[in-house]
Structure formats: C-alpha cells, structure tokens
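Asks: just to be clear, the model below is a prediction. Sequence and coordinates:
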Amino acid sequence: MKIAFDNALPDKAKVATLIEASGLEGHWDANRFFDAYPEQCRFISAYDRDELVGVGRIVDGGEAGDGDGANSRLDIVVLPDYRNRDIVGTIFKLLKRRRSLLAKRA
C-alpha cells in the first residue's frame, strides 16, 4: 500500500491508540504531542488508507524563525509493522523541510 502523509495532527484518541499499538505506552502518552503551543509545532501524520500508522512533530525551542534547531524537540512514533518502510525517515525529512520553509518566511 502507498502511504499518504498529512501535515495535520490527528485527534488525541488516534494518537493514543497509535502509541499503545507501537509499544510505547508507559513511556509516552498522547499528551506528548499536544503539550506545546500549536504555532511552535510542525506535524506530519502518516496514513495507510484511513489508518494512522505514524505521527511526528518538531517543536521549535528557540526564538521564532531562528532556524538553527538547537533547542528543538523531535518526536516520531510509527507502528512496528510499518517501520521497515522508511516512514520514520520520511516523517523526519518532511518535518525538517516544513520547519526550514517556515523559518525562511519569518
């Protein structure tokens, strides 16, 4: 199946289900993806048809538009059955690209 990527954060229940199915429950919870101001975050979600199979975010930690990423925080979670399909790498690249584009506009 072809994976579709979106730059929106799914609702908290879907993220919680993804974290549980990924085996990260107890280490992470869905609040991890919702704990920063939306204007500080860039999100990428991965879907196989309508099923959420991965989600990532980068949180800007420095001054708005500083572009250096020194204080940024990155979180990515992908279902185990999808990890061999380079979804983690693709989410990472898309997050970095979105962050760079937005920093250039500032």
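Replies: That came through fine.

Asks: show me the helices in this structure, by range?
Replies: 12-21, 87-105 (DSSP state H).

Asks: other SSEs contacting the first one?
Replies: Put plainly, it is helix 12-21. When contacts are defined as 3 or more C-beta pairs under 8 Å, 6 or more residues apart in numbering; DSSP states H and E, helix 12-21 sits against strand 51-59. Bear in mind the C-beta positions are built from the backbone N, C-alpha and C, glycine included.

Asks: in the strand it packs on, which residues are buried?
Replies: Leu52, Val53, Gly54, Val55, Gly56, Arg57, Ile58, Val59 (16 or more other C-beta atoms under 10 Å).

Asks: then stretch 78-92?
Replies: Buried-residue list, stretch 78-92, by 16+ other C-beta under 10 Å: Val78, Leu79, Tyr82, Arg85, Ile87, Val88, Thr90, Ile91, Phe92.

Asks: out of the helices and strands in this structure, which is least certain?
Replies: One helix or strand of the chain scores below all others by mean pLDDT, DSSP states H and E: helix 87-105, with a mean of 81.

Asks: residues contacting that one, please?
Replies: 3, 5, 7, 42-44, 46, 53-58, 60, 65-67, 69, 72, 74, 76, 78 (C-beta atoms under 8 Å, 6 or more residues apart in numbering).

Asks: next: stretch 22-40.
Replies: With C-beta under 8 Å, 6+ apart as the criterion, stretch 22-40 contacts 9, 12-13, 15-16, 19, 43, 55, 57, 59-60, 75, 77-80.

Asks: could the helices of the chain go into a markdown table alongside distance to His27?
Replies: As requested, those are exported to a markdown table (distance: least, C-beta to C-beta, whole Å):
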| stretch | distance to His27 |
| --- | --- |
| helix 12-21 | 9 |
| helix 87-105 | 16 |
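
Asks: one step back: just flag the most distant two among the buried residues of stretch 78-92.
Replies: Leu79 and Phe92 (16.2 Å; C-beta to C-beta).

Asks: and the gap between Gly56 and Met1?
Replies: Distance, Gly56 to Met1, by C-beta to C-beta, to the nearest Å: 19 Å.
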